[in-house]
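[1] Sharing a sequence plus its predicted fold:
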Amino acid sequence: MNAKATLLVVEDDHDLQEVLFEQLQLLPINIVLAENGASALKIVNGGERTIDAILSDINMPEMNGLELLKNLREMDNFVPFVFLTGYGDKAKVIEALKLGAFDFLEKPYQQSELFSVIKKSCELGQQLSSLEEESGKDSLFQNLDPIQLAKVRDIKRQLLVMKKTMLITKRRA
């Protein structure tokens, strides 16, 4: 990672949130904490800082992790999103990946695996931010009509799904 990336950690269990904060401080990243999806969405939309990646629980009050990811994708926010949960059933994993999750870790997790996934997701997030800045995100699509813009969004989603498929295949190999 070049400059310090910013990771948003979304976890409603305060003890686990504290443990994650302590562990993740060992990485060269800034860490922002939120206790549920609704407060995380406010942080992301607040624009005070660029969030390069998100580490989130799935099952939380007010707005769960899947709803948070869905809201972000509907707003064309493609920040790399990693799920960390004790509820690792296949249906939620599949839904998370379809929504464009970067990765999925089950509790209890291995610290080395957590660090590896967070480093990769933050690096990708910084690359995406850099590309958006270079291309002038707003000016890039300003002349497209709504139908063309919808097609561009679909292509972005397809690319995310393809990237997830490649990551899953690579992890299994």
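    Yep, it's here.
[2] all contacts plus neighbour counts: C-alpha atoms, from now on.
    OK.
[3] Strands along the protein, start to end?
    For the chain, the strands defined by DSSP state E cover 5-10, 29-34, 53-56, 81-85, 103-106.
[4] Show me where the protein dips below the pLDDT cut-off.
    1-2, 87-89, 133-146, 149-150, 152-154, 156-173 (pLDDT under 70).
[5] now the helices: where do they sit in this protein?
    Listed in chain order, the helices of the chain (DSSP state H) span 14-24, 37-46, 65-74, 90-98, 111-135, 137-140, 146-172.
[6] Any chance of a markdown table for the strands of the chain, columns mean neighbour count and distance to L20?
    As requested, these are exported to a markdown table (neighbours: other Cα atoms under 10 Å; distance: least, Cα to Cα, whole Å):
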| stretch | mean neighbour count | distance to L20 |
| --- | --- | --- |
| strand 5-10 | 23 | 8 |
| strand 29-34 | 18 | 10 |
| strand 53-56 | 28 | 10 |
| strand 81-85 | 25 | 11 |
| strand 103-106 | 19 | 13 |
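[7] Minimum distance to E67: which of those has it?
    The minimum distance between E67 and those falls on strand 53-56, with 11.2 Å, by Cα to Cα.
[8] what comes into contact with the closest one?
    With Cα atoms under 8 Å, 6 or more residues apart in numbering as the test, strand 53-56 has contacts from 6-11, 65, 79-85, 118, 121-122, 125.
[9] and if you look at stretch 110-126?
    The set of residues external to stretch 110-126 that reach it, using Cα under 8 Å, 6+ apart, is 1, 5-7, 23-24, 27, 51-53, 55, 79-82, 102-103, 105.
[10] Can you mark which positions in it are buried?
    L114, V117, I118, K119, K120, S121, C122, E123, L124, G125, Q126 (16 or more other Cα atoms under 10 Å).
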